[in-house]
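**Q** Sequence first, predicted coordinates after that:
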Amino acid sequence: MKQLLSVILLAVLFTGVISAQSQWISVGGNLALPMGGWGDNANIGFGGTATYERSFAPNIVGEVYAGYLTFGGETVGTFSYSFSMIPIMAGVKYYFQPGKGLYGNALLGVHLYNVDVPGITILGQTYGGGSASSTEFSLGVGAGYEMPMGKNALDLSAHFMIVSDANYIGARVAYKFGI
């Protein structure tokens, strides 16, 4: 009985070690360039994102992507506004060479979108202002390159995000490490 328990314990530990080697987290900084009509109203965006990745095959990795982006708005006189987004997406990453180097990816999910409009103060009285928010369906396609750094990697990527009327081209520099 003790031998059977020892074998089961070793199998569970071995499975945990194998599983741990095929999971990663990356944390990075993002730059976002608004496109189309939205680009006329929003300035360049900045923020940070994190991903959780898990390998399903030698060249296929599933990923969960989340973060925060903020965009400055145009200023008209003394009136200005700003935008922010929280992307929450899941997708797949395909490595052209198994497990390293150049990859393509696709993401599907939502962006929690917020617009902050400050009020206008006239003679000590504030008028208007406030914020509006919505949840928008989003789709992202992109490509990237991972440069090995020991057991970890530097992940450089670019993507096109389709977010209702707030599409943007994004660039990301991230540090990827195994868990």
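**A** Perfect, thanks for sending it. Numbers count the residues shown, from 1 in each chain.
**Q** show me where the chain has helices.
**A** 2-21, 36-41 (DSSP state H).
**Q** Can you flag the weakest of those by average pLDDT?
**A** For these, the weakest mean pLDDT is recorded on helix 2-21, namely a mean of 40.
**Q** Flag the shaky bits of the chain, pLDDT-wise.
**A** Confidence mapping of the chain against pLDDT under 70 gives the ranges 1-21, 75-80, 99, 117-121, 126-130.
**Q** what about the strands in it?
**A** In the chain, the strands defined using DSSP state E lie at 23-34, 42-57, 60-76, 79-97, 100-117, 120-122, 125-127, 130-149, 152-163, 168-178.
**Q** got those as JSON lines, with mean neighbour count columns?
**A** Backbone N, C-alpha and C define where each C-beta goes, glycine included. Shown next, in JSON lines, are the strands of the chain (neighbours: other C-beta atoms under 10 Å):
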{"stretch": "strand 23-34", "mean neighbour count": "18"}
{"stretch": "strand 42-57", "mean neighbour count": "16"}
{"stretch": "strand 60-76", "mean neighbour count": "16"}
{"stretch": "strand 79-97", "mean neighbour count": "17"}
{"stretch": "strand 100-117", "mean neighbour count": "17"}
{"stretch": "strand 120-122", "mean neighbour count": "11"}
{"stretch": "strand 125-127", "mean neighbour count": "9"}
{"stretch": "strand 130-149", "mean neighbour count": "14"}
{"stretch": "strand 152-163", "mean neighbour count": "18"}
{"stretch": "strand 168-178", "mean neighbour count": "18"}
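**Q** and stretch 148-162, how far from the chain's centre?
**A** 11 Å (C-alpha atoms, centre = their mean, to the nearest Å).
**Q** Would you mind pulling the contact partners of it?
**A** For stretch 148-162, the surrounding residues in contact (C-beta atoms under 8 Å, 6 or more residues apart in numbering) are 26, 28, 32, 87, 100, 105, 107, 111, 138-147, 167-178.
**Q** can you check stretch 48-66 too?
**A** 22-30, 67-68, 86-99, 105, 107, 109, 172, 174, 176.
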